[in-house]
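Mind looking at a prediction? Sequence and model below.
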Amino acid sequence: MTTVTSTKKPRLTTSAMIASIAAEGQKTVAAPFGHALVKEAAKRPEIVGMTADLSKYTDLHIFAQAFPERHFQMGMAEQLLMGAAGGMAKEGLMPFATTYAVFATRRAYDFIHQVIAEEKLNVKICAALPGLTTGYGPSHQATEDIALMRGIPGLTIVDPCDALDTEQAVAAIAAHQGPVYMRLLRGKVPLVLDEYDYQFELGKAKLLRDGRDVLLISSGIMTMRALESAKALAADNVDVAVLHVPTIKPLDEATLIQLCSRPGRLVVVAENHSTIGGLGEAVATTLMRAQISPAFRQIALPDDFLAAGALPTLHDRYGISTESMVAAIKRWLA
């Protein structure tokens, strides 16, 4: 894994389409998914890489350079991509099918549901631009992708936090038999979990830090924001625990129940997803079924079609920036 530390000053605006979420001076890793897939494919000849005209923008071009005979460019036809991936899986191959999350979940939903999931085929769908990670507006913002995928029986859902999580998750989902939907961070991806002795385990949540006042439960890039928020709140003597939940389905209910049973803590779920149908509702349902009722709050994107613009501005506007999270938690504790 090659890390790069940025020395440039932060830009006031960013590209609406593709923008790094790394802060000034933050360590990053270039294309962790692409490099991890090449490493795994060297051990597993059954792995093939497939995309719908987006190799460069899902980092699959790195796989294509290493294994050109195992790379399949399906054109701008996501339904065909998923149908072909299912067919290849039936022949014993392990397709890693990449596109943008909006196209995978909204445009090709029926093909994932009927061709891949119902047949329990060994297809790994790796979808870039999850949640609010592009400023191009509702046509490219996959704010409801987890809600859609959670409804498909037998489909494993993974939402990595950073470059290390992504790299380790690739190996884990390749070892898992069955269909997977993984939210994909691409380009220069922040590296944060290396400081926490972290190891990805499919289906397991990880307590990254403990704390007496607040339990922050998060997935994806919001775990990075949760850790930043915990450090900021410590300056005000607010002790925050952070539980990273990289596997949304199946959910690690045992760990959630154990940690949410501790009395006196505010439980906050933070996710880069709509408030409808994502991690927050999954956690809330788990706690209600277990008859556990802590003080509960949710940091998530609104049930709305979001605006277009620069990511820092949008993250502030919709409450998923570190500053917005800190302000919300202080307000809830007041």
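Sure thing, it's come through. Numbers count the residues shown, from 1 in each chain.

Report pLDDT for residue 10.
As predicted, residue 10 sits at a pLDDT of 43.

Whichever strand or helix holds residue 270 packs against which elements?
Assignment of secondary structure by DSSP states H and E places residue 270 within strand 266-274. Helices and strands in packing contact with strand 266-274 are listed as helix 145-150, strand 214-218, helix 221-234, helix 279-289, strand 296-301, helix 322-333; criterion 3 or more CB pairs under 8 Å, 6 or more residues apart in numbering; DSSP states H and E. Using the backbone N, CA and C atoms, a C-beta is placed for each residue, glycine as well.

Could you list the low-confidence segments of the stretch 1-150 of the chain?
Screening the stretch 1-150 of the chain residue by residue with the criterion pLDDT under 70, one finds the ranges 1-20.

before we move on, the earlier item: tell me which of the helices and strands packed on strand 266-274 sits most buried.
strand 214-218 (a mean of 26; mean count of other CB atoms under 10 Å).

What's the per-residue pLDDT of the residue nearest to the spatial centre of the chain here?
In the chain, the C-alpha closest to the average C-alpha coordinate belongs to residue 159, at a distance of 2.7 Å (CA atoms, centre = their mean). According to the model's per-residue confidence, residue 159 sits at a pLDDT of 98.

From residue 249, how far out is it?
10 Å (CB to CB, to the nearest Å).

And for residue 261?
Using CB to CB, one obtains 22 Å as the distance from residue 261 to residue 249.

These two: which is more packed in?
For residue 261 against residue 249, the residue with the higher neighbour count under other CB atoms under 10 Å is residue 249, and the figures read 20 against 12.

so who does the residue nearest to the centre of the chain touch?
Contacts for residue 159 were tallied using CB atoms under 8 Å, 6 or more residues apart in numbering; they are 130, 146, 182-183, 219-220, 245-248, 279.

switch to 7 Å and redo it
Residues counted as contacts of residue 159 (CB atoms under 7 Å, 6 or more residues apart in numbering) are 183, 219-220, 246, 248.

and which of the residues you listed is nearest residue 27?
Distance to residue 27, by CB to CB, is smallest for residue 220 among the contacts of residue 159, at 17.9 Å.

What remains of the contacts of residue 159 if I keep only buried residues?
183, 219-220, 246, 248 (16 or more other CB atoms under 10 Å).

can you put these in JSON lines and add distance to residue 325?
Shown next, in JSON lines, are those (distance: CB to CB, whole Å):
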{"residue": "183", "distance to residue 325": "19"}
{"residue": "219", "distance to residue 325": "14"}
{"residue": "220", "distance to residue 325": "14"}
{"residue": "246", "distance to residue 325": "19"}
{"residue": "248", "distance to residue 325": "20"}
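
Out of these, flag the one nearest to residue 164.
When the buried ones among the contacts of residue 159 are compared against residue 164 (criterion: CB to CB), the nearest one is residue 246, at 10.8 Å.

Quick check, pLDDT for that closest one.
Turning to residue 246, the model gives it a pLDDT of 98.

ok, now how distant is it from residue 189?
Taking CB to CB, one finds residue 246 at 14 Å from residue 189.

swap in residue 232?
Counting by CB to CB, the separation of residue 232 from residue 189 is 22 Å.

Next: residue 264.
Counting by CB to CB, the gap from residue 264 to residue 189 is 36 Å.

Also residue 318?
Note on residue 318: its distance to residue 189, by CB to CB, is 21 Å.

With neighbour numbers in mind, choose between those two.
Remark: of residue 318 and residue 189, residue 189 carries more neighbours, 28 against 19, as counted by other CB under 10 Å.
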